[in-house]
Each structure stands twice: as C-alpha cells, then as structure tokens.
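Trainee: Next comes the sequence, and after it the predicted model I'd like to discuss.
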Amino acid sequence: MAKEQDTKHIRALGRRKTAAARVRLTKGAGIITINNKPLSEYFPISFWQEKVEAPLQVVGKMKEFDISVRVLGGGVNAQAEAVRHGISRVLVKFNEELKPVLKAEGFLTRDSRARERKKYGKHRARRGHQWRKR
C-alpha cells in the first residue's frame, strides 16, 4: 500500500509513440477526466473508452478511484494507449500486489515503437529514389 501522506493523490506517467499522459489517482467514485473533459467526451468512440478503462476492469477497481489525466501529443489512439499505460502504472504505485495481473495483460509494457526519421537522399525513412532508364 502507499504511505499515509501519499494517499491524497498518486501520480504516474504513461507514454506511447509521441503521446504522454500524466495520470493522477485519488479516492473517489470512479470518475475519469481527461484534459478537464469527461472520458466519453474526450474519447467519443467506445473502443477508446474500453482501452482506457481496461486496467481498472482487470483489477476490479472501477468505482473506487477518481482519475485525472493530462495528455498531449500523438494521435487519438496513441493517447488512449498512453492513458492506459499511465493508469496501470499509478495502480501499481498504489498497490504493488496488482503488478502481476497488469503485467500479464501487457498494460505495464511501454510500447516504444515510434516513427523512424527521414534520412537525407531518401524520399522517406527507407524509400530510395526510383531508378529511371530514360
């Protein structure tokens, strides 16, 4: 369990591609706000909402915590995965016993895949010029 002075709120960071999510967990009624908007407003598609709520559902703590998130960078899907990563990490900070469950689901693994930079003399990162005979 977290120390007594830390129980006001616990913070963690989640990342995916160029998206970064700062997550703050407090005791509450299960309200999730992202960039000062409710979850259903910020992520209107249910697929993204399920992705964000997945760590809470796995550990069975849907209605125990209020979660406040500040996310920026990346696309919508990358932001949803960054929030999921951050929520998983903050839950582990709250209770270390949840780590095996979240690790088995793959929520604690930071997906480090990102876009490769463009190199000079190339069209894109790896695509070279097309050879032309005449």
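Mentor: Good, I have the coordinates. Residues are numbered from 1 along each chain as shown.

Trainee: contacts, neighbours, all on C-alpha from now
Mentor: Noted.

Trainee: List the buried residues in the longest helix along the chain.
Mentor: Longest helix in the chain, counting residues (DSSP state H): helix 76-94. Taking 16 or more other CA atoms under 10 Å as the neighbour-count basis, helix 76-94 is seen to contain the buried residues 78-94.

Trainee: Against Lys61, how distant is the residue positioned nearest the centre of the chain?
Mentor: Centroid-nearest residue in the chain: Ala82, 2.0 Å away (criterion: CA atoms, centre = their mean). Distance, Ala82 to Lys61, using CA to CA, to the nearest Å: 19 Å.

Trainee: ditto for Arg117
Mentor: Counting by CA to CA - Arg117 and Lys61 are separated by 40 Å.

Trainee: Let me see the ranges of the helices in this protein.
Mentor: 39-42, 46-59, 76-94, 99-105.

Trainee: Just put these in TSV and tack on mean pLDDT.
Mentor: What follows is these, written out as TSV (pLDDT from 0 to 100):
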stretch	mean pLDDT
helix 39-42	95
helix 46-59	95
helix 76-94	96
helix 99-105	95
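
Trainee: how about the ones you listed, which one is nearest Arg11?
Mentor: With CA to CA as the criterion, Arg11 lies closest to helix 76-94 of these, at 6.1 Å.
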